[in-house]
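Novice: give me the fold of what follows.
(one chain, ligands or ions: 1)
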Amino acid sequence: MTHPAFLEALRGRLIVSCQAYPGEPLRDSRAMSLMAQAAVAGGAAAIRAQGLDDIRLIHQSVGVPQIGLVKVGSGGVFITPTLDDAIAVVAAGSEIVAIDGTRRSRPDGLTLQQTIDAIHSRTDALVMADVGSFDDGVAAADAGADIIGTTLAGYTPEREKTEGPDLELLAQLVASLDLPVVAEGRIHTPEQARMAADAGAFAVVVGTAITHPTTITSWFVSALN
Ligand SMILES: CC(=O)N[C@H](C=O)[C@@H](O)[C@H](O)[C@H](O)COP(=O)(O)O
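Specialist: Numbering: from 1, shown residues only. Next comes the predicted model:
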């Protein structure tokens, strides 16, 4: 399958997710933009970013493609839940919009296929469907997603939350789908990133282990307790 050049350029590469949440010390678009610049300086091929302000600023400050999303709440369908959210993410500067790609019903009443069709007809962006299970991945591919991400594995009732990345799900999706499958979620070490690549991931997204110093600090603190 031929992909747009900017997607092809992500093959086998690292994507760094730069996200901070309300109330956190780094919840500041400038901080996220600096984090993104630092990640690109280290070799990140793309940035994943949350929130329209962060997406806009990061779009202006780095020269690599961006996977954008908005998070609305934290339960149920919370990753770019509606079509309007997705259109806003693209308008803010994302080349790829990450949306909830599960089979759950969406708050605006559209199906996943209707959502993806509308994004494709109204924008040039690619759609990354963040899925939580194999059946989600198959359904999202059928619905027209351009990229499948394992992002929600362990965050819906369908899969156990594995300690590290859900490599089993990744391998199953890679074996069955004719689409780029991106490994995302709980990749905390370079070795795990390598394992995800070896399992056939098109690209590997790392967030917390690179860009969430509070969590990283807590890992070290725990090791000393
Ligand atoms: C489940 C969910 O809300 N995932 C979010 C999706 O954008 C982010 O909170 C994660 O940080 C991102 O997926 C990267 O994963 P990790 O931080 O584990 O490397």
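
Novice: next, the distance between the ends of stretch 185-203.
Specialist: In stretch 185-203, first residue to last residue: 12 Å (C-alpha to C-alpha, to the nearest Å).

Novice: for His212, give me the pLDDT.
Specialist: Note for His212: predicted pLDDT of 98.

Novice: tell me, how many residues neighbour it?
Specialist: Using other C-beta atoms under 10 Å, His212 is surrounded by 19 other residues. (C-beta placed from N, C-alpha, C; glycine too.)

Novice: where does it fall, phi/psi-wise?
Specialist: phi -120, psi 80 (degrees, to the nearest 10).

Novice: how about the residues of this structure near the ligand?
Specialist: 17, 19, 69, 151-152, 155, 184-187, 205-209 (C-beta under 6 Å from any ligand atom).

Novice: which ones among those residues map onto strands?
Specialist: Ser17, Leu69, Glu184, Val205, Val206 (DSSP state E).

Novice: could I get the pLDDT score of the residue lying closest to the first one once chain neighbours are set aside?
Specialist: Same thing as Ser17. Excluding the flanking residues, the one nearest Ser17 by C-beta to C-beta, 6 or more residues apart in numbering is Gly207, at 3.3 Å. Per-residue confidence (pLDDT) for Gly207: 98.

Novice: I figured Gly207 hits Val16, correct?
Specialist: Yes - Gly207 is in contact with Val16 according to C-beta atoms under 8 Å; the separation is 7.3 Å.

Novice: who touches both of those two?
Specialist: Each of Arg48 lies in contact with both Gly207 and Val16 under the rule C-beta atoms under 8 Å, 6 or more residues apart in numbering.

Novice: who's more crowded, these two?
Specialist: Comparing Gly207 with Val16 by other C-beta under 10 Å, the one with more neighbours is Val16, at 25 against 21.

Novice: and for the closest residue to the more buried one other than its chain neighbours, the neighbour number?
Specialist: Excluding the flanking residues, the one nearest Val16 by C-beta to C-beta, 6+ apart is Ala39, at 3.7 Å. Neighbour count for Ala39, taken as other C-beta under 10 Å: 24.

Novice: closest residue of this protein to the ligand?
Specialist: Gly207 (2.9 Å; C-beta to the nearest ligand atom).

Novice: for that residue, what are its contacts?
Specialist: Residues counted as contacts of Gly207 (C-beta under 8 Å, 6+ apart) are Val16, Ser17, Cys18, Gln19, Arg48, Glu184.

Novice: what segments of this protein are helices?
Specialist: 5-8, 29-41, 52-61, 83-92, 112-122, 134-142, 167-176, 190-198, 208-211, 213-224 (DSSP state H).

Novice: closest one to Arg103 among these?
Specialist: helix 134-142 (5.3 Å; C-beta to C-beta).

Novice: where does the prediction get shaky in the chain?
Specialist: 1-2 (pLDDT under 70).

Novice: what's the neighbour count on Asp178?
Specialist: Residues near Asp178, counting by other C-beta under 10 Å: 6.
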